[in-house]
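1. sequence below, structure please.
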Amino acid sequence: MLQKGYSDMDLERFNPVSISGMQTRDTDILHGTFRTEMKLEGYKGGSCASFFWYHNDVQEIDIEVVTPGTSIVNDTINYTAQPSTEADWTPIPNATLSMPLQKTLNDFKVHRFDCNPVSGVDYYLDDKLMHNDHHNVPKEGGSLQLKLWADGNQWWSGIPSKTDVHLRVKSIIAYYNTTSSLTNLEWHNKCAREKKQCKAVTSLRKVAALDPFGIPISISPTSSALATWEQASKMVMVLGGAVSALIFWGL
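-> The predicted structure is shown next:
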């Protein structure tokens with residue numbers, strides 16, 4: 001993925017920033033485990049790589065990597081479950097955690113979050129638990145998105161990078177349940193046809209298998225949208241445009 005370099009002339013003229021992004025066609029994704037292996041290259045200034053689940057501004061789960069630059073949160077990785085503030089902008093305790101990057105930009109790292117209705121949201125970096133939050137676990141379906149962007153905001157991306165920024169993505173993998181009204185109906189109908197009694201797994205903490213990274217996972221067999229998607233290790237998506245470009249794929 002590509003964020004095009006933003007020159008001094010662009011800054012003087014308040015030109016739009018060319019950024020990129022992708023998201024799932026599905027918008028009924030709910031609880032599950034989601035991860036991507038990625039790295040950032042070429043930055044000389046502000047850029048933000050965001051891997052996140054989104055329903056709306058008060059139901060959102062974010063992993064955001066902000067490059068070194070001029071912003072207040074530059075050179076950090078940020079784990080946030082929205083909303084992170086009250087209506088009067090008072091911070092909600094534990095809703096967000098900002099940590100120094102510690103040289104995690106230039107090497108491929110596995111960024112992961114698990115969303116569980118009981119235990120909340122767990123955030124991982126290379127299988128190491130970094131943060132847990134349970135103040136606002138999503139109850140409605142959303143989409144999974146990956147974006148590379150900058151907007152000049154001093155509180156976040158800062159002045160956009162003068163050079164092209166590349167987000168190299170080795171893989172995106174998700175195991176999840178959906179809010180589809182047909183999900184459980186289809187599953188129970190199949191059980192009835194086969195004259196079997198089916199039991200659902202209700203906790204992601206119960207080990208059902210190992211994912212491609214060797215991480216234990218567990219998912220409900222009632223899900224009609226259990227999905228794994230991977231990009232080839234050398235695949236690089238380069239998108240342009242004055243606003244976020246979107247690549248859609250169906251699962």
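2. when you work out contacts or count neighbours from here on, use the C-alpha atoms and nothing else.
-> Will do.
3. which regions of the stretch 51-200 of the chain lie under the pLDDT threshold?
-> For the stretch 51-200 of the chain, the stretches flagged by pLDDT under 70 are 103-104, 180-191, 195-200.
4. can you give me the strands in it?
-> 59-66, 76-82, 96-100, 109-116, 120-125, 128-133, 143-149, 165-178 (DSSP state E, counting those that start in this stretch).
5. what are the contacting residues of the second one?
-> Outside of strand 76-82, the residues that reach it under the criterion CA atoms under 8 Å, 6 or more residues apart in numbering are 57-68, 95-101, 121, 123, 131, 133, 136-137.
6. same question, the fourth one
-> Counting by CA under 8 Å, 6+ apart, strand 109-116 makes contact with 30-39, 63, 121-127, 137, 203-204, all of which sit outside it.
7. what about the nearest residue to residue 110 once chain neighbours are set aside, which SS state?
-> Once flanking residues are discounted, residue 110 sits nearest to residue 37: 4.2 Å by CA to CA, 6 or more residues apart in numbering. Following DSSP: H, G, I helix; E, B strand; the rest coil, residue 37 is assigned to strand.
8. quick check: ChimeraX command selecting the buried ones in the contacts of strand 109-116.
-> To isolate the buried subset of these in ChimeraX, counting by 16 or more other CA atoms under 10 Å, use the following:
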select :30,31,32,33,34,35,36,37,38,39,63,121,122,123,124,125,137,203,204
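9. that older thread, out of the contacts of strand 76-82, which end up buried?
-> 59-68, 95-97, 101, 121, 123, 131, 133, 136-137.
10. is it true that residue 131 touches residue 97?
-> Yes: between residue 131 and residue 97 a contact is recorded at 7.2 Å, counting by CA atoms under 8 Å.
11. what's the burial count for residue 41?
-> Neighbour count of residue 41, defined by other CA atoms under 10 Å: 16.
12. which ones are touching the closest residue to it other than its chain neighbours?
-> Sequence neighbours aside, residue 166 is the residue nearest to residue 41 in space, at 5.1 Å (criterion: CA to CA, 6+ apart). Going by CA under 8 Å, 6+ apart, residue 166 touches 1-3, 40-43.
13. and for residue 48?
-> The contact partners of residue 48, by CA under 8 Å, 6+ apart, come to 64-67, 147-150, 157.
14. tell me the two of the residues you listed that are most distant?
-> Spatial extent of these (CA to CA) is set by the pair 67 and 147 at 13.8 Å.
15. about what we covered before: any chance of the strands of the stretch 51-200 of the chain in a markdown table, plus distance to residue 48?
-> Below are the strands of the stretch 51-200 of the chain laid out as a markdown table (distance: least, CA to CA, whole Å):
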| stretch | distance to residue 48 |
| --- | --- |
| strand 59-66 | 5 |
| strand 76-82 | 9 |
| strand 96-100 | 13 |
| strand 109-116 | 14 |
| strand 120-125 | 17 |
| strand 128-133 | 19 |
| strand 143-149 | 5 |
| strand 165-178 | 10 |
